[in-house]
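> coordinates only, no sequence provided:
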């Protein structure tokens, strides 16, 4: 009888204890959870309610305190704050995914073969767009001409974007549709290559946009599809936040509409191209659903691969060429001043050492000293030693893309000579303010943040070259690399109080992988897969449907 009474009492106590537990929307447990808090603590479990983390702790602590109809056993998998790509062209990534893939083509002839195949598969196409060619991979590392391209495609416009999106090659039909003439004296010869008085079909920098805008048109419905495709690609790789580094007003309007409808799951920091039309209609930053618009995107120069990066001295492999300045210093200064006066942040594309110096100096003129405005230099690829301190002096953020380093390293020395020692100096840049955000520059590189992590830490490409890593004095530790794509990424958009780490009160954005980035052997890291992606406690991607 006593035994029965004890059993009943125990059952009543257990039921009462269960009733005393706090109800939450989600419990995750049995994981290796990297919180990326200030002490980089690792826990086993957490609880979520109303889209926010409620508490983290051991399995026992969380399971004894909380109850939920929605629980997830992580089965020992690694869990991180949702990955954040601080330079991901989602719009261009979507376009890339519906274009002809020209990556890794070993010759221009191979590109022509891919185009012929695409044309045969899409006989009704009014234009063919290809992305990803790189003449540095060819036996003759020179820009091609469009003779054969125009011969094979005499009527349909062809637009082929270089891997860096700073150069294109087009056929004669595209040139004619864009209304370009070799006799036009207003066309900059540095941006429109000619031979024997005729366009070769290779155009650089803003001439790329001029031709593409004239030849290719996307309707609002097309743009919706493009953003949707890109979003799914990002979620597949564990991204929960991105910086969209520069879209035009039409794309922004479509994205705004999608955000209002709840169609945008990603948390997006959207940067606008500061046209006069944009500035007239957007006089202050704003937030709409999961997007915030508070940054303008500027350019000081082009890309290193196409020799458009603006250098202090000539290219080592192209005497007489120092690169391309994208706009006058007075115009650049005026854009920065407008942003400052209207509360917008500024993010400026700077590859070359001269481009970085000019932007840093003009930022400094406007910002005066240390501040919390979060102005940025995108890429910060080649920076003279004497200019490094300006990042800390004016609280300027160096936003870097580690896979650019491992993509460029095999040929960058040819362009720069001894200046290569000042390139991709992530550790030195980190040292200026004690933190550094990272991204991919997708679709120029894959938007897979695992590759970002691997490149930042090991300074090798996916073929594990070079042995020993490239300029390893500027590699990041694993902790620094993970911080760069989580909490430091959030800090770059002034959102570190609401996301970027797994802590109570922050957005419940997290990513689960099949192997642990922090402990997996070097050779296994590039093949690590995302198992699941959660935003606000909602599963938005699963490796297993």
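Sure, I can see it. Just so it is clear, the structure is predicted and the values come from calculations on it, not from any experiment.

> list the contacts of residue 190.
204, 324 (CB atoms under 8 Å, 6 or more residues apart in numbering). The C-beta positions use only the backbone N, C-alpha and C, and glycine is treated the same way.

> got phi/psi on it?
Main-chain dihedrals, residue 190, degrees, to the nearest 10: phi -70, psi -20.

> on the pLDDT front, check it for me.
As predicted, residue 190 sits at a pLDDT of 90.

> how much space between it and residue 379?
Going from residue 190 to residue 379 by CB to CB, to the nearest Å gives 20 Å.

> now swap in residue 217 and tell me
Distance from residue 217 to residue 379, by CB to CB: 30 Å.

> check residue 445 too.
Where residue 379 is concerned, residue 445 sits at a distance of 12 Å (CB to CB).

> which residues do the two both contact?
401, 404.

> higher neighbour count, those two?
For residue 445 and residue 379, the more surrounded residue by other CB atoms under 10 Å is residue 379, and the numbers stand at 27 against 22.

> show me the contacts for that one.
Residue 379 sits next to 349, 350, 351, 399, 400, 401, 404, 441 when contact means CB under 8 Å, 6+ apart.

> what's the fourth one in contact with, if anything?
In this case it means residue 399. 86-87, 347, 376-380, 436-439, 492.

> can you select the buried ones from those in ChimeraX?
To isolate the buried members of the contacts of residue 399 in ChimeraX, using 16 or more other CB atoms under 10 Å:
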select :86,87,347,376,377,378,379,380,436,437,438,439,492
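
> make TSV out of the contacts of residue 399 and add pLDDT and secondary structure.
Shown next, in TSV, are these (pLDDT from 0 to 100; DSSP: H, G, I helix; E, B strand; the rest coil):
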residue	pLDDT	secondary structure
86	99	coil
87	99	coil
347	99	strand
376	99	strand
377	99	strand
378	99	strand
379	99	strand
380	99	coil
436	99	coil
437	99	coil
438	99	strand
439	99	coil
492	99	helix
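
> which one of the contacts of residue 399 is nearest residue 315?
Nearest to residue 315 among the contacts of residue 399 is residue 379, at 17.3 Å by CB to CB.

> separation between that closest one and residue 354?
14 Å.

> same check, this time on residue 391
On the measure of CB to CB, residue 391 and residue 354 end up 16 Å apart.

> which one's more surrounded, those two?
residue 391 (25 against 22).

> so is the more buried one in a helix, a strand, or just coil?
Using DSSP: H, G, I helix; E, B strand; the rest coil, the structure places residue 391 in helix.

> correct me, but it touches residue 429?
Yes - using CB atoms under 8 Å as the test, residue 391 is close enough to residue 429 to be in contact (6.5 Å).

> from the chain's centre, how far out does stretch 328-340 sit?
Relative to the centre of its chain, stretch 328-340 is centred 24 Å away, using CA atoms, centre = their mean, to the nearest Å.

> buried residues in that stretch?
Those would be 332, 333, 335, 336, 339, 340, for stretch 328-340 by 16+ other CB under 10 Å.

> check the secondary structure at residue 500 for me.
Residue 500 ends up coil, using three-state DSSP.

> just the pLDDT at it, thanks.
99.

> same check on the one 10 residues further on?
According to the prediction, residue 510 has pLDDT 99.

> look up how far residue 443 lies from it.
Residue 510 is 25 Å from residue 443, by CB to CB.

> the helices in the stretch 301-450 of the chain, which residues?
329-342, 353-367, 385-393, 402-416, 426-433, 449-458 (DSSP state H, counting those that start in this stretch).

> go through the ones you listed and pick out the most buried.
Mean neighbours per residue, mean count of other CB atoms under 10 Å, is largest over these for helix 449-458, with a mean of 25.

> give me the contact list for that helix.
83, 85, 237-239, 401-403, 405-406, 426, 438-440, 445, 460-462, 469, 475-478, 480-482, 484-485, 513, 517, 522, 525-526, 528, 530.

> so this structure: which segments form each domain?
Domains of the chain are assigned by automatic domain parsing as 84-89+219-542, 90-215.

> out of the ones you listed, which is closest to residue 75?
domain 84-89+219-542 (9.2 Å).

> tell me which residues form a beta bridge with the residue nearest to residue 345 when sequence neighbours are not counted?
The spatially closest residue to residue 345, leaving aside those adjacent along the chain, is residue 295, at 4.3 Å (CB to CB, 6 or more residues apart in numbering). In this entry, residue 295 is beta-bridged to residue 271, residue 345, by DSSP bridges.

> distance of residue 295 from residue 397?
Residue 295 is 11 Å from residue 397, by CB to CB.

> overlap of the contact sets of the two?
residue 376.

> by contact count, what packs against the helix or strand hosting residue 539?
Assessed by DSSP states H and E, residue 539 sits inside strand 538-542. Contact analysis of strand 538-542 by 3 or more CB pairs under 8 Å, 6 or more residues apart in numbering; DSSP states H and E lists helix 220-236, strand 530-535 as its packing neighbours.

> sheet partners, orientation included, of the last one?
Each strand pairing with strand 530-535, determined using DSSP bridges, is listed with its direction: strand 510-513 (antiparallel), strand 538-542 (antiparallel).

> single out the most deeply packed of those strands.
Stretch with highest mean neighbour count among these: strand 510-513 (a mean of 25; mean count of other CB under 10 Å).

> centre of the chain to that one, how far?
Counting by CA atoms, centre = their mean, strand 510-513 comes out at 18 Å from the chain centroid.

> before we move on, what about stretch 64-73?
That offset, for stretch 64-73, works out to 35 Å (CA atoms, centre = their mean).

> please spell out which residues along it are buried.
Residues of stretch 64-73 classed as buried: 65, 66, 67, 68, 71, 72 (neighbour count, 16+ other CB under 10 Å).

> any idea which of those is closest to residue 119?
Looking across the buried residues of stretch 64-73 and measuring by CB to CB, the closest to residue 119 is residue 72, at 47.3 Å.

> hmm, residue 25 and the closest one touching each other?
No - using CB under 8 Å as the test, residue 72 is too far from residue 25 to be in contact (11.6 Å).
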